[in-house]
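J.: Got a sequence here, can you build the structure:
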Amino acid sequence: MKPSRDPRSRGFTLVEIITVISVIAILAMLSFPVFAEVRAHIERINCTSNLVQLYTGASAYLQDTKHWPQVNPALLNQANHAYDEAWIETYMPYGVTRQCWICPTIERSLGGPDITQPENYRADYIAMPYDSKQLSPHQWPLQPWFAERGNVHGTGNLIILANGSVTDLYSLAPAAAAASGL
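T.: Numbering: from 1, shown residues only. Alright, predicted model coming up:
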């Protein structure tokens, strides 16, 4: 004989469904900070990679020309990003693309504008304005070659030094104080 089935046991009850949805919602809410932290870590790694590419391009430029690029600082006052564009164009022949000048964290915070459009040209890293003497970029080991425009990673602006190491301003401050004898 076939056992009789209770008609209520055919599916899930509303309470069971609500319980499962609640558990899934709680787990999702707990995982959002983890995903945000992972994204921030990946963006910092990409930013560090950009700085290394800028350093490599600058090193190649120095080997070729025996001096640091001389970009006119008066271009800073122009609204069309002429100063940034001059730096970008200077290093393009050395394999430094326009994308290398863009910090992924700043890009995300701006909503991801299309950087191939002239109105969106920008550089999120600042190149130091050394003089034209051959050894000036190497003379001060704690003077950055490139620095991030803002503290977007929470540890101070990322910078790359003359030896190719990437650090941030918060980490550099004690080293600079020790080097200067303060």
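J.: switch to C-alpha atoms for all contacts and neighbour counts from now on
T.: Will do.
J.: Is Ile126 located within a strand, as I assumed?
T.: Yes: per DSSP: H, G, I helix; E, B strand; the rest coil, Ile126 lies within a strand segment.
J.: Starting from Asp84, give me the distance back to it.
T.: 8 Å (CA to CA, to the nearest Å).
J.: what about the two, which has more around it?
T.: When Ile126 and Asp84 are compared for neighbours, Asp84 comes out ahead with 21 against 18, by other CA atoms under 10 Å.
J.: State the pLDDT value of that one.
T.: On pLDDT, Asp84 comes in at 87.
J.: That one contacts Pro118, correct?
T.: No: in this structure, Asp84 is not within contact of Pro118 by CA atoms under 8 Å, at 11.9 Å.
J.: got any ranges where the chain has weak pLDDT?
T.: Along the chain, segments meeting pLDDT under 70 span 1-10, 174-182.
J.: May I have stretch 21-29 exported as PDB, CA atoms only?
T.: Taking Å, rounded to 0.1, in the frame of the first residue of the first chain, the C-alpha atoms of stretch 21-29 are listed here in PDB:
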ATOM      1  CA  ILE A  21      16.400  34.700   2.400                       C
ATOM      2  CA  SER A  22      17.300  36.300   5.700                       C
ATOM      3  CA  VAL A  23      20.300  34.100   6.200                       C
ATOM      4  CA  ILE A  24      21.500  34.800   2.600                       C
ATOM      5  CA  ALA A  25      21.000  38.600   3.200                       C
ATOM      6  CA  ILE A  26      23.000  38.500   6.400                       C
ATOM      7  CA  LEU A  27      25.800  36.600   4.800                       C
ATOM      8  CA  ALA A  28      25.900  39.000   1.800                       C
ATOM      9  CA  MET A  29      26.000  42.000   4.200                       C
END
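J.: Now do the buried residues in that stretch.
T.: Buried residues in stretch 21-29, counted by 16 or more other CA atoms under 10 Å: none are found.
J.: other SSEs contacting the longest helix anywhere in the chain?
T.: As assigned by DSSP state H, the longest helix anywhere in the chain is helix 14-65. If you count contacts as 3 or more CA pairs under 8 Å, 6 or more residues apart in numbering; DSSP states H and E, helix 14-65 packs onto helix 82-91, helix 104-109, strand 146-148, strand 158-160, strand 166-168.
J.: got the angle for the first one vs helix 14-65?
T.: When axes from the mean of the first three to the mean of the last three CA atoms, to 10 degrees is applied, the directions of helix 82-91 and helix 14-65 differ by 70 degrees.
J.: Just the C-alpha atoms of helix 82-91, please, in PDB.
T.: Below are the C-alpha coordinates for helix 82-91, written out as PDB (Å, rounded to 0.1, in the frame of the first residue of the first chain):
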ATOM      1  CA  ALA A  82      48.400  71.000 -20.700                       C
ATOM      2  CA  TYR A  83      51.000  70.300 -18.000                       C
ATOM      3  CA  ASP A  84      49.700  66.700 -17.500                       C
ATOM      4  CA  GLU A  85      49.600  66.200 -21.300                       C
ATOM      5  CA  ALA A  86      53.200  67.400 -21.700                       C
ATOM      6  CA  TRP A  87      54.400  64.800 -19.200                       C
ATOM      7  CA  ILE A  88      52.300  62.100 -20.800                       C
ATOM      8  CA  GLU A  89      53.700  62.900 -24.300                       C
ATOM      9  CA  THR A  90      57.300  63.100 -23.000                       C
ATOM     10  CA  TYR A  91      57.200  59.500 -21.800                       C
END
